[in-house]
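Undergrad: Sequence and predicted structure are below.
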Amino acid sequence: MIITPRISEKSYKLAAGNIYVFDVPMDANKAEVTAAVKAEYPDVKVADVRLMIVKGKVKAVNRGKRARPTTATRKDVKKAYVTVADGKIEIAAFNEVANQTSEPAQQAAVETKVKASDESKKAATVTRRRTGNRGDK
């Protein structure tokens, strides 16, 4: 059985608490998911598996200039939330995100940009004198 890690902000946050999210086939059950995780990550001990079916969204579809618009439905997806008791699952996309935020040079560059934008905001808020026909110069 093929399981693929689900890459999203929510799954990244859950991974910090040893809960990993995988996309699994629609006919998979908890025992099969546990066996697949153990086969792919042998140093991991699975504590719990929760399965969820996410219904596909209904989207509007236009089928030509004179045809009436209709709707189409995306496929349903089954997700597995796997809680790990011992060990850790290494997901490449999550490691890249962690490496990008940990580099001090990038953090310093971001701080410099924030300071520069604050200064430009201050310069923009300076009051200006009105000129015109009103008499207040």
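TA: Structure received.
Undergrad: show me where the chain has helices.
TA: Counting by DSSP state H, the chain has helices at residues 9-15, 30-40, 92-102, 104-124.
Undergrad: Can you flag the weakest of those helices by average pLDDT?
TA: Note on these: helix 104-124 shows the lowest mean pLDDT, a mean of 57.
Undergrad: show me what contacts the residue nearest to V84 when sequence neighbours are not counted?
TA: Closest residue to V84 apart from its sequence neighbours, by Cβ to Cβ, 6 or more residues apart in numbering: N18 at 4.6 Å. Where you see a C-beta, it was placed from the backbone N, CA and C, and this is true even at glycine. Counting by Cβ atoms under 8 Å, 6 or more residues apart in numbering, N18 touches T83, V84, A85, K88.
Undergrad: Just the buried subset of those, please.
TA: For the contacts of N18, a burial check counting by 16 or more other Cβ atoms under 10 Å picks out V84.
Undergrad: For F22, see how far away L51 is.
TA: Going from L51 to F22 by Cβ to Cβ, to the nearest Å gives 10 Å.
Undergrad: same check, this time on A72
TA: Going from A72 to F22 by Cβ to Cβ gives 26 Å.
Undergrad: just to revisit the earlier point, from T83, how far off is the residue nearest to V84?
TA: To T83, N18 is 6 Å away according to Cβ to Cβ.
Undergrad: Among the contacts of N18, which are located in strands?
TA: T83, V84, A85 (DSSP state E).
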